[in-house]
Every structure is written in structure tokens, then in C-alpha cells.
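>>> next come a sequence and a model predicted from it.
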Amino acid sequence: MDTQYLIHLANYSDGILYVLALLLLVALAVMVDRFWYLRRTILRGHIFVQEMGRHGRLDRETLEKLAEQAGDLPEAALLRSAANHHGQVKEEALANRLEESILVTAPQLDRRLWILDTIVTLAPLLGLFGTIIGMFHAFSVLAQPGHAPTAVTGGVADALVATASGLFIAMLGLVAFNAFNNQVRMILLQMDSLKTMLLNRMDGHPVLGAADIRDTAPAAVVMARAG
């Protein structure tokens, strides 16, 4: 399949294949951008959740330090909100403030995903439209005297390329769109976990870490045996 034939196919659909090629480039750009951002956010967010699990009580200084380490991650907004309201609001009010931070941060996670959603719907329709235009060109041969049957069948085959291209773009975009939605859900789950950890470590009661549990385990066994 050489360049001349590709140009012939694009012209046969009155330029619809050019539009589909543009949609494919836009979809690929969004996929690369979202994959890089969401994957990085999930990995670093997982590290922060593990780091939070190793802390006992959290003071304002520790929260500010963690927020600085988070940088541009969505968890940073949650940590800054917790640091700003540390010791100033009650637990229920603090939970509402943290939930507000999650709701404000959430839109940036699925940013530009609407483009993929639009391309998934638009590409098959454009492909079908290009095929219909190609069919007009193919059957217009019948109006010419002395037409060859192969000219009609060949034109129909060329016209169907537009539909196939639109379906391919839609399938590629749909897989990526669902994968990114799943990654957004995982990030929101990480933020909910971080919110719960913050509330548990800012309520004024100490939280036992893994090391504390190991240290207290022998004493608990001795008391159980004595009982």
C-alpha cells in the first residue's frame, strides 16, 4: 500500500480519511499524556499511602513536610488542608474539609478524557459517512456507458476503508478510555484511604505502627497465658 493509493482512498471519501487521521493523532496524544500522568500519580500516591501507614500521630509540621514532598500530586491538596486545619476544627468538620479537597482535586484527574469519549463516538460515524460518500462515487460508474463491473466492486472496497478506519480508532479509544477511568478510580480510592489515615492520626489518640505492634505482641501473649 503506497502513498498514492492512500491519497486515492482519502480522496475517494472526499477527505473524510484525513479527518479520521487527525482524530487518531489527537487520540494518541491524549493517551500518551493521560497514561504518563495517571500512572505516575498512582505509583507515587501508593508510596504516600504506605508512608502514612508508618506514622503514628501527625502534627502540623509533619503534615506540611509531607505536603511539600507530595509536590503536584493530588494528595498534596489533602495534606495541605489537613495541615491548615490541624487542631482548629473537630473531627467531623475536618472530614468535611478533607472531602472538599478531594472533590476540588478530582476534575483534574479525568481532564481531557472527554476528548477520547467524543472520538470514540465520532470516529465510527465519520467512517460510515465516508463510506456512503465512497459508495456514491462507486455507483456513479454505472451511469457511464461501457462501465466495467470490477470498477464498481473495487470502488465499494475502497469506500469500506473509511468505515474500517473509524471502527479501529473507536476501538482503540474505547480501550484507553476505560483503562484511564479505572486509573482515576484507583487514585480516588487512594485519596479516600489517605483521608481516613489522616483522620485516624489527627484525632488526638496514638496509632500503633507495625513496630509498636511487634513490641506489644509478646506482652499480650503473656497476659493471655496468665489469664
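Right, received. Where do you want to start?
>>> run a quick neighbour tally on residue 102.
Applying other CB atoms under 10 Å, we find 18 other residues in the vicinity of residue 102. Using the backbone N, CA and C atoms, a C-beta is placed for each residue, glycine as well.
>>> name the element it belongs to?
Per DSSP states H and E: residue 102 is located in helix 91-105.
>>> same question for residue 181.
helix 149-201.
>>> tell me which other helices or strands that helix touches.
Applying 3 or more CB pairs under 8 Å, 6 or more residues apart in numbering; DSSP states H and E, one finds that helix 149-201 contacts helix 3-12, helix 16-53, helix 74-84, helix 91-105, helix 113-139.
>>> how about a markdown table for those, with mean pLDDT and distance to residue 59 added?
Putting the helices and strands packed on helix 149-201 into a markdown table (pLDDT from 0 to 100; distance: least, CB to CB, whole Å) gives the following:
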| stretch | mean pLDDT | distance to residue 59 |
| --- | --- | --- |
| helix 3-12 | 68 | 64 |
| helix 16-53 | 89 | 14 |
| helix 74-84 | 81 | 9 |
| helix 91-105 | 82 | 14 |
| helix 113-139 | 88 | 38 |
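>>> who wins for proximity to residue 187 among the ones you listed?
When these are compared by CB to CB, helix 16-53 sits nearest residue 187, at 5.6 Å.
>>> other residues contacting the helix or strand that the closest one is followed by?
Proceeding N to C from helix 16-53, the next assigned helix or strand is helix 60-70, under DSSP H and E. Residues outside helix 60-70 that contact it (CB atoms under 8 Å, 6 or more residues apart in numbering) are 44, 48, 51-52, 55, 76, 79-80, 82-83, 86-87, 198.
>>> residue nearest the centroid of this structure?
residue 180 (2.8 Å; CA atoms, centre = their mean).
>>> any idea how far the nearest residue to it once chain neighbours are set aside is from residue 131?
Leaving out its chain neighbours, the residue that sits closest to residue 180 by CB to CB, 6 or more residues apart in numbering is residue 34, at 5.1 Å. Distance, residue 34 to residue 131, using CB to CB, to the nearest Å: 30 Å.
>>> right, I'll call it a day here.
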